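*Asks:* fold the following and give me the result.
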Amino acid sequence: MTTGRGYAGIPRGGRSLVGSALVAAAACASLLALSGLLSPGRWLRAGMLAVVVVAIVTAGVRSVARSRWPPTIVGAITAALGLLVVYGAPPGRAQVLPDAASVERLIASVRAAAELINASVVPMDAARPVEMLVVAGGLVVFLFADALALGLDAPAWSGFVLVTMWLPAIDLAYPAPASALGWTALAYLLLLALHAAPHGERAVGARRTVSTVAIAAALVVATLAAGPVVAAAPGWASLTLPNFGSGPIGPLRLSDDLDLRQSLGRRSGQVVLHYTVSPVGAAGAVGAVGAASPTDRASATPGAAEAATARIVGPLRAFTLRDFDGRSWQPTDATDLQDWVPGTFLASDPSVQGMPLDPQAGTLARVDVTIDGLRELRLPVSTFPRTLEIAGPWRYDAERDEVVGDRPTGAGTTYAMTVEIPTLTADDLKAASGRPPAGLEPYLAVPQTAHTEDIRTLATQISADASGPYDQALALQTYFRDMSRFVYDTRVAPGRTDDAVWDFLTSRHGYCVQFATSMAIMARSLGIPARLGVGFLPGVADDSGVYTVTGRLSHTWPELYFPSVGWVRFEPTPAVQSGSPPRWSDPFVFSTAAPNAGQIPDNLGGRVTAGATAGATAPRGTVHTDQSTNRLPLVAGAGLLLVLAVGGLVFARRRTNRHPALDPEVAWSRFRERLAAASIEWSDARTPRQCVELVRARVIELRSVPLGEPADVALVQLADTLEQLRYAPTPPTRTPEELESWIAAVLTDVTSPVSDPSRDASASAVRGGS
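*Replies:* Predicted coordinates for the structure are as follows:
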């Protein structure tokens with residue numbers, strides 16, 4: 001007979017039924033923890049219905065059984081039969097009595113669910129195989145929680161089983177709704193209260209039971225109610241911190257203690273500011289458009305000047321960061337705040353700082369800004385030299401190029417800037433040589449970790465053929481924007497070493513903070529002063545020309561110092577998030593060749609991405625770590641079965657299959673491998689345009705004749721497509737057949753005998769694919 005303090009002497013039909021109902025409620029509520037990973041659908045209803053049915057069966061058996069194990073055994077058999085009948089039946093018809101084929105179909109469904117999870121991104125559609133996996137997980141959670149709470153009379157331990165439903169969301173750093181925690185916690189506390197309620201004198205016991213239940217319910221309600229109130233308090237909402245539930249309620253601010261080990265989570269969609277951009281005079285319009293990219297120049301028609309100017313004004317920066325400790329950036333207090341003379345430039349370039357505005361300048365734009373939901377002590381301003389008109393006690397920090405106020409911005413704060421858009425070119429930056437001026441030593445500091453030398457070695461290899469700081473910086477930017485090497489991902493893997501930059505270089509997954517930090521630290525290791533800029537990407541304009549910026553556009557980028565030029569922005573974050581890089585480092589604007597970086601290792605130890613090259617060697621000091629992910633300790637049997645049921649969800653971070661579809665990056669990688677067999681090779685830091693010239697020259701060197709016209713056209717088309725994918729905000733779509741035809745045209749020419757007429761045979765096919 002089942003015994004124990006909480007249930008002895010009580011009729012089986014009483015507390016057993018209530019206890020089963022509470023365990024079932026907790027298990028159903030815990031399923032809500034998956035709602036951040038799965039799109040809305042019938043999976044939640046199916047999981048809850050299955051739990052309720054099995055709960056009724058186990059409660060009925062427990063009411064008549066004299067042993068603690070029959071209810072769990074019967075419940076497990078019921079759950080297994082239910083899965084076989086519902087998900088193991090032949091397609092299109094019901095099968096009440098399962099057979100061996102039902103088991104095979106159920107196993108196939110498990111495999112299909114694993115493949116869907118591995119190939120999907122969050123939130124994923126819960127197809128029938130995934131629904132089956134969720135239902136099975138909910139049943140396993142219920143059965144083990146029920147066995148612990150009611151069978152073994154240890155309800156406190158059932159909490160360890162209930163929280164396992166949060167493991168996939170925790171591992172992937174995706175928030176779960178507050179309701180999941182609230183309802184699960186309420187049912188769990190009521191279960192504990194039921195177990196702790198006295199049972200001697202009925203009147204006293206009833207009063208104490210009601211009191212315990214009321215306290216448990218009040219505790220849960222108070223905890224959930226306090227969350228939004230605390231989040232609304234000033235200083236608690238941050239754009240870079242993961243949100244709990246639907247997002248922050250109060251005002252927003254930019255975080256100035258950026259942690260590389262923290263996943264980005266969901267950024268708020270709240271509007272932080274809006275602005276308009278207009279050229280200053282006719283000369284300003286022409287100059288602004290004239291300095292833009294070919295795309296901008298093509299759009300320089302009447303009515304397009306404002307849009308073209310807005311595109312090249314660039315992001316709005318609130319502040320810069322200097323100090324990095326190997327894991328996070330720390331803010332520094334301003335020590336020399338100054339007033340400025342209206343109409344004079346505020347700029348990081350000492351040759352421009354304090355100079356009066358020249359109305360005859362050819363690249364001037366006026367930016368009028370209105371603050372909405374942003375609460376910042378530092379004003380978002382252009383990274384270019386600008387004049388500033390704003391009311392109130394605002395002062396300027398020349399070292400950090402920040403405008404700092406005594407009080408934060410509020411809704412309705414307005415200010416205006418006249419921005420001088422520089423005609424900066426790659427040649428200008430190449431000519432900016434010499435030693436950094438005194439006072440920039442803190443911007444060369446590199447944290448000392450176990451992998452400091454490894455990072456310096458990698459930076460040296462990437463920029464092996466660079467002829468100066470600009471070429472080194474461009475090589476680093478090219479390295480990070482290579483989508484075959486790095487993946488933009490808001491989820492960050494747990495740290496494996498004492499150096500967060502090294503962890504990113506080995507995992508190859510991260511967002512703007514990881515990309516910008518890694519380039520800044522690698523630039524410092526090469527002797528180039530570097531800092532981080534934090535602000536907002538340009539917003540989207542409506543029909544009236546008003547640009548709206550939301551919290552989702554918060555961004556971070558590196559800024560490198562060049563003598564006689566000042567601080568210059570670079571953009572290592574892939575185009576999928578950041579758009580085109582600045583003009584002075586954009587190959588679509590200037591035919592700038594990235595330096596040959598020599599042999600850059602792909603496998604740096606740790607996780608190997610799809611872009612890794614077989615046989616590549618890691619730098620000195622590489623730490624080889626176990627690829628398995630640590631899990632929270634679970635109750636022995638419950639943990640094993642639960643991981644089999646729902647653990648596959650943790651693989652949703654893999655955005656591609658093991659055999660990815662042919663896109664320009666994959667096509668280029670295959671093309672490179674096949675050319676290597678013909679003794680045509682190049683380094684990873686070469687741009688696609690450089691590779692075109694290299695292939696042409698190498699073919700002449702090896703075969704004494706140039707590429708045939710069809711092969712040359714195909715080579716250029718393949719390289720142009722790759723460039724547009726890496727740098728254009730909206731690259732054109734190419735079919736796998738087009739990519740294959742271009743690869744085949746070049747390889748046929750390279751591998752055919754010199755006199756082979758097939759060198760011209762594919763001309764029509766290649767031209768047809770252009």
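*Asks:* make it CA atoms for all contacts and neighbour counts henceforth
*Replies:* Will do.
*Asks:* for the helix or strand containing residue 749, name the packing helices and strands.
*Replies:* Here residue 749 sits within helix 736-751, counting by DSSP states H and E. Packing partners of helix 736-751 (3 or more Cα pairs under 8 Å, 6 or more residues apart in numbering; DSSP states H and E): helix 664-676, helix 709-727, helix 763-769.
*Asks:* least confident of these, on average?
*Replies:* Looking at the helices and strands packed on helix 736-751, the lowest mean pLDDT belongs to helix 763-769 (a mean of 43).
*Asks:* how about residue 671, nearest residue that isn't a chain neighbour?
*Replies:* residue 743 (6.1 Å; Cα to Cα, 6 or more residues apart in numbering).
*Asks:* tell me which of the helices and strands packed on helix 736-751 sits nearest to residue 753.
*Replies:* Between residue 753 and the helices and strands packed on helix 736-751, the tightest spacing by Cα to Cα is seen for helix 709-727, at 14.2 Å.
*Asks:* ok now that closest one, how far from the chain's centre?
*Replies:* Its chain's C-alpha centre and that of helix 709-727 lie 29 Å apart, by Cα atoms, centre = their mean, to the nearest Å.
*Asks:* just stretch 340-359 next, same as before
*Replies:* How far stretch 340-359 lies from its chain's middle: 38 Å, per Cα atoms, centre = their mean.
*Asks:* that stretch - what's its average pLDDT?
*Replies:* On average, the pLDDT along stretch 340-359 is 77.
*Asks:* contact partners of that stretch?
*Replies:* By Cα atoms under 8 Å, 6 or more residues apart in numbering, the surrounding residues in contact with stretch 340-359 are 383-389, 395-396, 398-401, 564-567.
*Asks:* filter these to the buried ones?
*Replies:* 383-388, 395-396, 398-401, 564-567 (16 or more other Cα atoms under 10 Å).
*Asks:* among the residues you listed, name the ones in helices.
*Replies:* Secondary structure from DSSP state H places none of the buried ones among the contacts of stretch 340-359 in helices.
*Asks:* looking at the residues you listed, which is nearest residue 80?
*Replies:* residue 383 (62.6 Å).
*Asks:* tell me the contacts of the closest one?
*Replies:* So residue 383 contacts 314-317, 347, 569 (Cα under 8 Å, 6+ apart).
*Asks:* about what we covered before: just the buried positions in the helix holding residue 749, please.
*Replies:* 738-750.
*Asks:* for my notes, confirm residue 320 occurs in a strand.
*Replies:* Yes: judged by DSSP: H, G, I helix; E, B strand; the rest coil, residue 320 forms part of a strand.
*Asks:* quick one, the helix holding residue 749 and helix 709-727 angle?
*Replies:* 130 degrees (axes from the mean of the first three to the mean of the last three Cα atoms, to 10 degrees).
*Asks:* could you give the angle of helix 736-751 to helix 664-676?
*Replies:* Using the same axes, to 10 degrees, the inter-axis angle of helix 736-751 relative to helix 664-676 is 20 degrees.
*Asks:* render the CA-only coordinates of helix 736-751 in CSV, please.
*Replies:* The C-alpha trace of helix 736-751 is given here as CSV (Å, rounded to 0.1, in the frame of the first residue of the first chain):
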residue,chain,number,x,y,z
PRO,A,736,21.8,26.3,-59.1
GLU,A,737,21.7,25.4,-62.8
GLU,A,738,23.2,28.8,-63.8
LEU,A,739,26.0,28.4,-61.2
GLU,A,740,26.7,24.9,-62.4
SER,A,741,26.9,26.0,-66.0
TRP,A,742,29.4,28.7,-65.2
ILE,A,743,31.6,26.3,-63.2
ALA,A,744,31.4,23.7,-66.0
ALA,A,745,32.3,26.3,-68.7
VAL,A,746,35.5,27.4,-66.9
LEU,A,747,36.6,23.9,-65.9
THR,A,748,36.0,22.6,-69.5
ASP,A,749,38.2,25.3,-70.9
VAL,A,750,40.9,24.8,-68.3
THR,A,751,41.0,21.0,-68.5
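*Asks:* report the mean per-residue pLDDT for it.
*Replies:* 90.
*Asks:* pull the distance from that helix to the chain's centre.
*Replies:* Centroid separation for helix 736-751 versus its chain: 34 Å, with Cα atoms, centre = their mean.
*Asks:* again with stretch 392-409
*Replies:* 31 Å.
*Asks:* where does the residue sitting nearest the centre point of the chain land in three-state SS?
*Replies:* Of all residues in the chain, the one closest to the mean position by Cα atoms, centre = their mean is residue 490, 1.7 Å from it. Under three-state DSSP, the three-state class of residue 490 is coil.
*Asks:* list the contacts for it?
*Replies:* By Cα under 8 Å, 6+ apart, the contact list for residue 490 reads 263-265, 510-511.
*Asks:* ok, which pair from those is furthest apart?
*Replies:* Greatest spatial distance among these (Cα to Cα): 265 and 510, at 11.8 Å.
*Asks:* related to what we said a few turns ago, among the helices and strands packed on helix 736-751, which is the most enclosed?
*Replies:* Comparing the helices and strands packed on helix 736-751 by mean neighbour count (mean count of other Cα atoms under 10 Å), helix 709-727 comes out on top with a mean of 21.
*Asks:* so what does that one touch, helix or strand wise?
*Replies:* Helix 709-727 packs on helix 575-578, helix 664-676, helix 688-703, helix 736-751, helix 763-769, going by 3+ Cα pairs under 8 Å, 6+ apart.
*Asks:* in the stretch 501-650 of the chain, where is pLDDT below threshold?
*Replies:* 587-650 (pLDDT under 70).
*Asks:* rerun at 80
*Replies:* 540, 576-577, 579, 587-650 (pLDDT under 80).
*Asks:* all strands of it, in order?
*Replies:* 509-510, 530-536, 540-541, 547-550, 554-562, 566-569 (DSSP state E, counting those that start in this stretch).
*Asks:* which residues sit against the first one?
*Replies:* It stands for strand 509-510. 486-493, 504.
*Asks:* how far does it sit from the chain's center?
*Replies:* 6 Å.
*Asks:* same question for the fifth one.
*Replies:* Strand 554-562 has its average C-alpha position 19 Å from the chain's average C-alpha position, going by Cα atoms, centre = their mean.
*Asks:* ditto for the third one
*Replies:* Centroid displacement of strand 540-541 relative to its chain, using Cα atoms, centre = their mean, is 23 Å.
*Asks:* strand partners (parallel or antiparallel) of that strand?
*Replies:* strand 547-550 (antiparallel) (DSSP bridges).
*Asks:* same check on the first one?
*Replies:* Pairing partners of strand 509-510, with direction, according to DSSP bridges: strand 487-488 (parallel).
*Asks:* can you count the residues close to residue 375?
*Replies:* Using other Cα atoms under 10 Å, residue 375 has 22 other residues around it.
*Asks:* how about residue 512?
*Replies:* Residue 512: 24 neighbours (other Cα under 10 Å).
*Asks:* wait, doesn't it sit right on residue 554?
*Replies:* No: using Cα atoms under 8 Å, residue 512 makes no contact with residue 554, being 9.5 Å away.
*Asks:* export the strands of the stretch 501-650 of the chain to JSON lines and tack on distance to residue 677?
*Replies:* Shown next, in JSON lines, are the strands of the stretch 501-650 of the chain (distance: least, Cα to Cα, whole Å):
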{"stretch": "strand 509-510", "distance to residue 677": "30"}
{"stretch": "strand 530-536", "distance to residue 677": "40"}
{"stretch": "strand 540-541", "distance to residue 677": "47"}
{"stretch": "strand 547-550", "distance to residue 677": "50"}
{"stretch": "strand 554-562", "distance to residue 677": "38"}
{"stretch": "strand 566-569", "distance to residue 677": "39"}
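*Asks:* right, so of these, which gets closest to residue 331?
*Replies:* The nearest among those, by Cα to Cα, is strand 530-536 at 10.8 Å.
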